[in-house]
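Peer 1: sharing a model that was predicted from the sequence below.
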Amino acid sequence: DGGITQSPKYLFRKEGQNVTLSCEQNLNHDAMYWYRQDPGQGLRLIYYSQIVNDFQKGDIAEGYSVSREKKESFPLTVTSAQKNPTAFYLCASSTNARGWETQYFGPGTRLLVL
Amino acid sequence: SQQGEEDPQALSIQEGENATMNCSYKTSINNLQWYRQNSGRGLVHLILIRSNEREKHSGRLRVTLDTSKKSSSLLITASRAADTASYFCATDDGLSNFGNEKLTFGTGTRLTIIP
């Protein structure tokens, strides 16, 4: 099965704690993305990566960090500096970072603060 | 600032009726895409329309693009209960350097089909 997976489905964060959301794809895509979605809102881009070992900040990168050490994996860390982390986080991938490319989305991770 | 703004924010119709939702954007684009999101799930790509196209069809979907008005519409004909979802438009940046393109998503239209 080809696709994009995210884990865990639900994640709970304690105050002051860093947490890492996993995103894996076996579509052989070069580009990967992280979005944040708040209730009733659209998607906001956190970080994206066009190729291994390279990534760029999106519109709301503060309080987040990423790495792209492997083509298949693009983990997102929500740091303690992110003061309002409760949201639905979506990972996506595409063949490459072009405006005409379809983005394929994972099922999402819902992050809740204890 | 956000590129796409969908209208209406929410729409409820009877099964079998047609559903139309609109997307407006602010700057020039090369491509506009429509995605669907079922509640609590990831997004699924529906259709892409390029800036030099005016209309595109895919099954029960019809998309139009008016670059002079910076707007697009998505029409779903003969709606079904399974069409209940949120629908988002996504635009690229027509002025961006080639090879560094990202999509900007709108706020979405929440469509409810009443059986």
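Peer 2: Done, it's in.

Peer 1: residues in contact with residue B:79?
Peer 2: Neighbouring residues of residue B:79 by Cβ atoms under 8 Å, 6 or more residues apart in numbering or on different chains: B:13-19, B:111, B:113. (C-beta placed from N, C-alpha, C; glycine too.)

Peer 1: any chance of those residues in a markdown table, with secondary structure and pLDDT too?
Peer 2: Below are those laid out as a markdown table (DSSP: H, G, I helix; E, B strand; the rest coil; pLDDT from 0 to 100):
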| residue | secondary structure | pLDDT |
| --- | --- | --- |
| B:13 | strand | 97 |
| B:14 | strand | 97 |
| B:15 | coil | 98 |
| B:16 | coil | 98 |
| B:17 | coil | 98 |
| B:18 | coil | 98 |
| B:19 | strand | 97 |
| B:111 | strand | 97 |
| B:113 | strand | 97 |
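
Peer 1: most widely separated two among these?
Peer 2: Farthest-apart pair in the contacts of residue B:79 is B:16 and B:111; separation 13.9 Å (Cβ to Cβ).

Peer 1: looking at those two, which is more packed in?
Peer 2: residue B:111 (21 against 11; other Cβ atoms under 10 Å in any protein chain shown).

Peer 1: surely that one meets residue B:88?
Peer 2: No: the pair residue B:111 / residue B:88 is not scored as a contact, 11.2 Å apart, by Cβ atoms under 8 Å.

Peer 1: quick revisit: out of the contacts of residue B:79, which end up buried?
Peer 2: Neighbour-count burial within those applies to B:13, B:19, B:111, B:113; the criterion is 16 or more other Cβ atoms under 10 Å in any protein chain shown.

Peer 1: the lowest-mean-pLDDT helix or strand in chain B pairs with which strands?
Peer 2: Least confident element among the helices and strands of chain B, by mean pLDDT, DSSP states H and E: strand B:5-7 (a mean of 85). As defined by DSSP bridges, the strand partners of strand B:5-7 come to strand B:19-24 (antiparallel).

Peer 1: adjacent strands (with direction) for the helix or strand just after the partner strand?
Peer 2: Where DSSP states H and E defines the elements, the next helix or strand beyond strand B:19-24 is strand B:31-37. Here strand B:31-37 has these sheet partners by DSSP bridges: strand B:43-50 (antiparallel), strand B:85-91 (antiparallel).

Peer 1: distance between strand B:31-37 and the chain's centre?
Peer 2: Counting by Cα atoms, centre = their mean, to the nearest Å, strand B:31-37 is centred 5 Å from the centre of its parent chain.

Peer 1: list of residues touching it?
Peer 2: By Cβ under 8 Å, 6+ apart, strand B:31-37 touches A:99-100, A:102-103, B:4, B:23, B:25, B:43-51, B:61, B:63, B:65, B:72, B:74, B:85-92, B:103, B:105, B:108.

Peer 1: among those, which ones are buried?
Peer 2: For the contacts of strand B:31-37, a burial check counting by 16+ other Cβ under 10 Å picks out A:99, A:103, B:4, B:23, B:25, B:43, B:45-49, B:51, B:61, B:63, B:65, B:72, B:74, B:85-92, B:103, B:105, B:108.

Peer 1: the closest residue to residue A:16 other than its chain neighbours: what secondary structure?
Peer 2: Distances taken as Cβ to Cβ, 6 or more residues apart in numbering or on different chains place residue A:80 nearest to residue A:16, at 4.9 Å, with adjacent residues excluded. The three-state assignment at residue A:80 reads coil, by DSSP: H, G, I helix; E, B strand; the rest coil.

Peer 1: right, I'll call it a day here.
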